[in-house]
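S.K.: Model the following, please.
(2 chains)
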Amino acid sequence: MTRHLTPDQLIDLAEGARPESSAPHLESCEACRRQLADTRAMMSATSEVAVPEPSPLFWDHFSERVRRAVALEGAPRRASRWEQWSRPRVVLAVSAAALAAVVIAAALGARPDVPPGRSEVISASRPPEPPEPPLFEPLEALNDSSLSLVADLTAELDWEAVSRMELTTHAGGADEAVRELTRGELRELQRLLKEELARAGV
Amino acid sequence: MTASRREARAGPPSPAASAAADGSLADLDEAALVEACQAGRTGAFDVVVERHRRAIYLLCYRFVSNHEDASDLSQDVFLRAYRGLRNFRGQSSLGTWLHRIGVNVCLTRVSTKTPPSESIDEQQHIDTRSESPSELVLKAERALRVRTAIAQLPRKQRATLILRTYHEMSHQEIADILGSSVGAVKANFFHALGSLKKLLGDEK
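M.R.: Numbers count the residues shown, from 1 in each chain, chains lettered A, B, ... in the order given. Reported below is the predicted structural model:
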């Protein structure tokens, strides 16, 4: 014996989307025939229930009500720049960038490249070397509004403030790992972050 | 096509509303009309309301079964649509989108236990000229029983049955509105009809 018809098949048959000849099982199955008949009967019973038509005057009254309610709302408009910025996807990307910027800044501030005292020894024995180029370009130089915003948001933050705000990760997390990076590795990280931000269109 | 399925399609615009709407706006196709709304063009949203108010009202009426609530819910639907229009990108038709808002508004507002509250006497605007008084009474009683039974269906079954039976929506359109698959829509419809049979049978 073939399997019973599925709800999907019964609806298609009841609505006439497929002919009964496409379901030979019906001929041999009283249960499916009964279900199909019941389905059709209920479709017919429900379709006969009409909705009372409102008075023709109602529609103008209704449109006027909507018009008044809409007038209180103000004109529809496209999302402002700030609203575009505050969409979750953008907020997430900017937050990630802000966190990364804070972590990198904190890593640089917390880990001096030259131990204290050593520079004095060097300066006594040989002429001072030309200053190294800054590790990071000033953010303004990137001419990137998203990074400027990140800079503005993080300008007042230090590592302790960031920790208090629980923006840091757990022990052994990415922020700690970043603090252990060398200057060369930090430059590479900066390059990768810039690439990702450019790709995300932030 | 039954009368009840035809009813959900847009009716003729009223002369007053047509006059209120800018003539050139009334001629716009859907995409251009949406663009006009998004650009804040005066009168553009009036045209949207005029084109879809009847279908939305009837949808809401199917959920609440009384004129006052259907009217309030319909207004709420259009207000939400107005707020959301700036984000409308035309992935579905405007009608489907408005029905989606309508279903959400109705399902949020209406408890599955809400009984139909319009009495038989209040249903004075149904065209009944060809029927005898006794036929009218029987038909009205039958309609009330069916509406009461529909009001007791689970939310998705109820929405599916209303959209399919009274709004001529395809299974795909209903799936888009309810955020489900075509298979799930057909299954919901089948089970809704089965539940109705039980509910109506229990009353006998």
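
S.K.: What is the neighbour count of the closest residue to chain A within chain B?
M.R.: Distances between chain B and chain A by C-beta to the nearest C-beta are smallest at B:Phe190, namely 3.6 Å. The C-beta positions use only the backbone N, C-alpha and C, and glycine is treated the same way. Using other C-beta atoms under 10 Å in any protein chain shown, B:Phe190 is surrounded by 22 other residues.

S.K.: swap in the one 5 residues further on?
M.R.: B:Ser195 has 19 neighbours, counted by other C-beta under 10 Å.

S.K.: what's it in contact with, if anything?
M.R.: Applying C-beta atoms under 8 Å, 6 or more residues apart in numbering or on different chains to B:Ser195 gives the contacts B:Ala149, B:Gln152, B:Leu153, B:Pro154, B:Gln157.

S.K.: hang on, the earlier thing: determine the number of other residues adjacent to the closest residue to the residue of chain B closest to chain A other than its chain neighbours.
M.R.: Counting by C-beta to C-beta, 6 or more residues apart in numbering or on different chains, B:Phe190 lies nearest to A:Pro7, which is 3.6 Å off, once chain neighbours are set aside. A:Pro7: 19 surrounding residues under other C-beta under 10 Å.

S.K.: Looks like A:Pro7 contacts B:Ala192 (just checking).
M.R.: No - shown here, A:Pro7 and B:Ala192 do not form a contact pair, counting by C-beta atoms under 8 Å, at 10.4 Å.

S.K.: Need the pLDDT of residue 109.
M.R.: The chain I'm using is chain A. At A:Gly109, the model reports a pLDDT of 60.

S.K.: nope, chain B
M.R.: Looking at B:Arg109, the pLDDT reads 85.

S.K.: what are the phi and psi angles of A:Ala17?
M.R.: As for A:Ala17, its main-chain torsions (degrees, to the nearest 10) stand at phi -70, psi -20.

S.K.: meant to ask about A:Pro19, not that
M.R.: Note on A:Pro19: backbone dihedrals following degrees, to the nearest 10 are phi -80, psi 160.

S.K.: Ok, B:Gly43 next?
M.R.: Residue torsions, per degrees, to the nearest 10, at B:Gly43 are phi 90, psi -10.

S.K.: give me the number of residues near it?
M.R.: The number of residues near B:Gly43, taken as other C-beta under 10 Å, comes to 16.

S.K.: now B:Ser92, what's its secondary structure?
M.R.: Put simply, B:Ser92 is coil when judged by DSSP: H, G, I helix; E, B strand; the rest coil.

S.K.: which parts of the helix or strand containing A:Glu185 are buried?
M.R.: Element membership for A:Glu185 (DSSP states H and E) is helix A:183-200. Within helix A:183-200, the residues that count as buried by 16 or more other C-beta atoms under 10 Å in any protein chain shown are A:Leu186, A:Leu189, A:Gln190, A:Leu193, A:Leu197.

S.K.: Just the CA atoms of stretch A:182-191, as CSV, please.
M.R.: C-alpha atoms of stretch A:182-191 as CSV (Å, rounded to 0.1, in the frame of the first residue of the first chain):
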residue,chain,number,x,y,z
THR,A,182,56.7,44.0,18.6
ARG,A,183,56.6,47.3,16.8
GLY,A,184,56.9,45.5,13.5
GLU,A,185,54.0,43.2,14.4
LEU,A,186,52.0,46.2,15.5
ARG,A,187,52.6,47.9,12.2
GLU,A,188,51.4,44.8,10.3
LEU,A,189,48.3,44.6,12.6
GLN,A,190,47.6,48.3,11.8
ARG,A,191,47.8,47.6,8.1
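
S.K.: Show me the contact partners of the helix or strand hosting B:Ile177.
M.R.: Per DSSP H and E, B:Ile177 falls inside helix B:171-178. When contacts are defined by C-beta under 8 Å, 6+ apart, helix B:171-178 is touched by residues B:92, B:96, B:99-100, B:103, B:156, B:159-160, B:163-164, B:169, B:181-182, B:184-186, B:189.

S.K.: Mind checking which of those are in strands?
M.R.: Using DSSP state E, the subset of those located in strands is empty.

S.K.: buried subset of those?
M.R.: Burial by neighbour count, 16+ other C-beta under 10 Å: within the contacts of helix B:171-178 this picks out B:96, B:99-100, B:103, B:156, B:159-160, B:163-164, B:169, B:184-186, B:189.

S.K.: Take those and keep only those in helices.
M.R.: Those of the buried ones among the contacts of helix B:171-178 mapping onto helices are B:96, B:99-100, B:103, B:156, B:159-160, B:163-164, B:184-186, B:189, per DSSP state H.

S.K.: What parts of chain A come near chain B?
M.R.: Within chain A, the positions adjacent to chain B are A:7-8, A:10-12, A:38-39, A:41-43, A:45-56, A:58-60, A:62-63, A:65-67, A:69-70, A:73, A:75-79 by C-beta under 8 Å from any C-beta of the partner chain.
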